[in-house]
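> Give me a model of this one.
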Amino acid sequence: MKPIDLQMATFTLAVDVAKFCDQFDDHSTMRPYLNQLRRCSSSVAANYRAACRSKSKKDFVYKLQVVEEECDETIFFLELIQELSSKESSTLRIRASQILAIIITSIRTTRARYLQKT
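Modelled structure (predicted):
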């Protein structure tokens, strides 16, 4: 996947997660979890975009690690909210898991190439 395609995938995930969160009542007891889900999913997109503008391979890997953490957190909150509310989130979880797999592979590949050159 090209970086621009992954930028779009992460952005679209953040938008779709926000729409998923909007399905809940404003006074829902789920509100704290929904707010955290919005933050971490948008952080995936924002931090991946920052990684694409990194200054070095080391900076790139560091920023991708932040994306990895935020993406894993997104999956966690999608699972938690589905368990507590019975609202289906499997499509979002699958997409987030695919993004996470790509990010982990990118980290490993970049590290391997970086270590070979040093």
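> With Asp22 as the reference, measure out to the nearest residue to Pro3 once chain neighbours are set aside.
Spatial nearest neighbour of Pro3, excluding adjacent residues (C-beta to C-beta, 6 or more residues apart in numbering): Cys52 at 5.2 Å. All C-beta atoms are positioned from the backbone trio N, CA, C, and that covers glycine. Counting by C-beta to C-beta, to the nearest Å, the separation of Cys52 from Asp22 is 28 Å.
> Pick out whichever of those two has more residues nearby.
Taking other C-beta atoms under 10 Å, Cys52 and Asp22 do not tie; Cys52 has more neighbours (14 against 10).
> doesn't Asp5 make contact with that one?
No: Cys52 is beyond contact range of Asp5, at 11.5 Å (criterion: C-beta atoms under 8 Å).
> Grab the most central residue of this protein for me.
The chain has Cys71 as the residue nearest its centroid, 3.0 Å off, counting by C-alpha atoms, centre = their mean.
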